[in-house]
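sequence and computational prediction follow.
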Amino acid sequence: MFKKIIQSKFWWAIVIVLMLLLNYVAALFHTRIDLTSEKRFTLSAATKKLLRKPIEGNISIDVFLKGTSNAGFKQLGNASNDILQEFKEVAGNKIQFNFLDPADVVPSTEVTYADTLTALGLLPINLTSQVKEGQQQQYVFPFALVHYQDKTFPVELYKGKTPIINFAELSSAEALLEYKFAEAISKITQTQKPIIGYAVGNGEADLGRLNTYDLVENVLKPDYQLFTFDLNSPKFIPTAIQALVIVKPTIGFSDEAKLKLDQYVMNGGKLLVFVDRLNAELDSLQSKKGQVTAFDRDLKLNDLFFNYGARVNADLLMDLQCDFLPFDVSGNGQFELLPWNYFPVIDSKSNHPINKGIGYVAAKFANTIDTVEAEGIKKTILLSSSANARTIGSPAIISVTENVNAPDDAKFKKANLPIAVLLEGKFKSMFANRLSTAMSDTLAKYNIGFMPQSLTEGKIIIVADGDMVLNAVVKGNPIPMGMNVYTFDTQREFPFANKAFLQNALNYLVGDDGLSEAKAKDYTVKLLDTKKTADQKLFWQTINIVIPIVTVMLFALIFQWLRKRKYTLS
C-alpha cells in the first residue's frame, strides 16, 4: 500500500491528508514527556486534583507581564504561560488566561490596567534595565488577577528582597508559579472559608484599633471566618476553630487559660502565637527622654511552650542587618536616619513552604527562641537573624544614644539566632501529671474529657515578636504591616514580607489541600555567558534559521533524485 502511495500521481495530496489526520488525532489524544531535571512541567498530584474539581463556571486569569522589555521578567512571563498551559491541559476550558500590557486601557473605560492594579494596592517595581543605548526605566507589574464568578484574587508573581533584580530570585519566582496560581484557584473557588479564632482576654492587640487594620482587613477577613475567643471565659475553645491566633499578649495567662490552650492542641487545634516576652516599646522610648528599661512581662507561658519543645528567651535581638530610625545626632533638632539594631531585618532561609521565597521580614524588639527536648516533636526554624547579631539580657537598658556612634561590630558575632519556630508532632499535655481537682471539676462541668496526649499530628508556630503582624499609622491611615513609619515613602515600591509570612503560616496550619508539595519545587539557575552570547549571536541565529531550511531542501532534492533515478532506470 505504501509503495502504491509513493508511485501515485497524487502522492503529495495523500501525504497532506494523512498529516492533517495525524494532527487531528494528536489534538484529541496527546501526552508530554518532561525531560527537565526539576520536573518543572510536571504538576503535583494536589494541583491536578484541584484542577479536576468540578466548579460552576470558568476561571479567568489575567497576567500583566506583557510589554516588559526586561529579559528576566519576559522569562517569568513565558514561565507563567507554560504553567497556565499545563493547568489548561488538566482543567480543560475551565481555565482561560490572557496576557495584558499594564499600559493598555481597560475596555469601556478611560483608565489603564496599571491604574486599576495600583488602586488594588498592587504597586509596581520601578525597574532600571541596562540596554545598548544606556539605561531604560520601566514600571513592571509582576501580578496576575484570578477571576471567578464575582470574585477577584490577586497573585504576586515576583517577591524579591531588594529593588535589585537578580536571576536567583527570578528563578525562585518561577518555581513558585504553580503553587501561587493553584493557591489562588483554591481560595477563590472554596465554598466555605476556614474558621480562625483570635484570642482575647490577656491584653492582646485590639482588633478594633488601626494598628490591626492590615491583619484583619487584608489577611483574616478575606480568606477566613474570623471569631474572637476570650480565654478567661468559662468555655473551652471549640474544635470547630481550625487555628487560634494570639497576637502580642501583655497580661499573664492563668492556669485555667493555659489548660484551654493545652486541651485545644490535644484535640487537634493549631496555634499561631506572636509574643513579646520583654516589654520594650518605641513609644515609651520616645516619651522617656530616649531611654527605657525592657523588663519581662511575665506572661506565664514559658512552661507551656517548654512542654511543647520551645523556649522564648528573656532577651532582645540586635542585628547589624536592620531597619532605620531618625536620630538627633548633633543635638540641635536635625534628625538623620540611622540603622537601629533593635529592628532586625530577617532574611528567611527558604527551608520550608512557609518561608520559601518571601523576602525580608521586619521585626521590632524581637526575642530569641531556643528549641528544647520534646519527644516526637519536629522543630523547624522559620526565621532567624543574620550572621552578625547579638543579644542583650533582661533587664535591658535601651537608649537612643547607642546609635549616635557606629555600633561595635566586634560584639555582633552570633549567627542565625532563631526568632520563629514551627513545632509538629503528637504533643503531650502539660497537665498530664498535674491536673488539679478544680480543673477536673471544670472539665467535667462542660462534659469534656481530659486528653493527656494528642491523637493526631498537631502544629504550633511561635514567633518571638508581637509587632511583626501589626501595622503603623501615618496621618490617621494604616500602612502595610512591617513597614517603617519613618521610611514608608522610600519603601512603597518594595515592602517587607511580613504579610506573606503570616499568610503562608495560616495556609500551612489550616490548609488540607496538599499544595505545599508544589511549593517545595526548586529550579536550578542556568545563566548564560552574556559576553559569549553577544559575540556568537549571529552565528547561532544563522544555525537556527539556515540549517532547518537547508535540511528540508536537501531531503526534497534527495527524494526527487531517487524517484527520478528509479523511473529512469525502469
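Thanks, I have the structure now.

burial check on residue 562, number of neighbours?
Counted with other Cβ atoms under 10 Å, the neighbours of residue 562 add up to 10. Backbone N, C-alpha and C define where each C-beta goes, glycine included.

wait, a helix at it?
Yes: under DSSP: H, G, I helix; E, B strand; the rest coil, residue 562 falls within a helix.

for the nearest residue to residue 104 once chain neighbours are set aside, give its distance to residue 147.
With sequence-adjacent residues excluded and distances taken as Cβ to Cβ, 6 or more residues apart in numbering, residue 104 is closest to residue 113, at 5.9 Å. Using Cβ to Cβ, to the nearest Å, one gets 13 Å for the distance from residue 113 to residue 147.

which of those two has more neighbours?
Counted by other Cβ under 10 Å, residue 113 and residue 147 do not tie: residue 113 has more neighbours, with 21 against 16.

please report phi then psi for the more buried one.
Reported as degrees, to the nearest 10, the phi and psi values for residue 113 are phi -60, psi -30.

buried residues in stretch 435-451?
439, 442, 443, 450, 451 (16 or more other Cβ atoms under 10 Å).

over to stretch 74-84?
Under the neighbour-count criterion of 16+ other Cβ under 10 Å, stretch 74-84 has 75, 76, 77, 79, 80, 83, 84 buried.

want to throw those residues into TSV with distance to residue 18?
What follows is the buried residues of stretch 74-84, written out as TSV (distance: Cβ to Cβ, whole Å):
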residue	distance to residue 18
75	38
76	40
77	37
79	36
80	36
83	34
84	32
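
I'd guessed the residue nearest to residue 104 sits against residue 107; true?
No: the pair residue 113 and residue 107 does not pass the contact test of Cβ atoms under 8 Å, sitting 10.3 Å apart.

residue 63: how many residues sit nearby?
When neighbours are counted by other Cβ under 10 Å, residue 63 registers 23.

mind listing the residues bridging to the closest residue to it other than its chain neighbours?
Closest residue in space to residue 63, ignoring its immediate chain neighbours: residue 144 at 4.5 Å, by Cβ to Cβ, 6+ apart. Here residue 144 sits in beta bridges with residue 63, residue 155, going by DSSP bridges.

isn't residue 144 right up against residue 64?
Yes: taking contacts as Cβ under 8 Å, residue 144 lies within contact range of residue 64: 6.8 Å.

how close does residue 482 get to residue 79?
Residue 482 sits at a distance of 28 Å from residue 79 (criterion: Cβ to Cβ).

sketch out the low-pLDDT regions of the stretch 101-250 of the chain for me.
128-136, 160-167 (pLDDT under 70).

so which strand or helix has residue 73?
Element membership of residue 73, judged by DSSP states H and E, is helix 71-91.

neighbouring strands for whichever helix or strand comes after that helix, and are they parallel or not?
Sequence-wise, the next helix or strand downstream of helix 71-91 (DSSP H and E) is strand 95-99. Take DSSP bridges as the rule and strand 95-99 pairs in its sheet with strand 59-63 (parallel).

restricting to C-alpha, output the partner strand in PDB.
Extracted in PDB, the C-alpha atoms of strand 59-63 (Å, rounded to 0.1, in the frame of the first residue of the first chain):
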ATOM      1  CA  ILE A  59     -11.900  30.700  35.900                       C
ATOM      2  CA  SER A  60     -10.300  33.600  34.000                       C
ATOM      3  CA  ILE A  61      -6.700  34.700  34.700                       C
ATOM      4  CA  ASP A  62      -5.100  38.000  33.600                       C
ATOM      5  CA  VAL A  63      -1.300  38.200  33.700                       C
END
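
okay, the angle between that strand and helix 71-91?
Angular relation of strand 59-63 and helix 71-91 on a 0 to 180 degree scale: 170 degrees, by axes from the mean of the first three to the mean of the last three Cα atoms, to 10 degrees.
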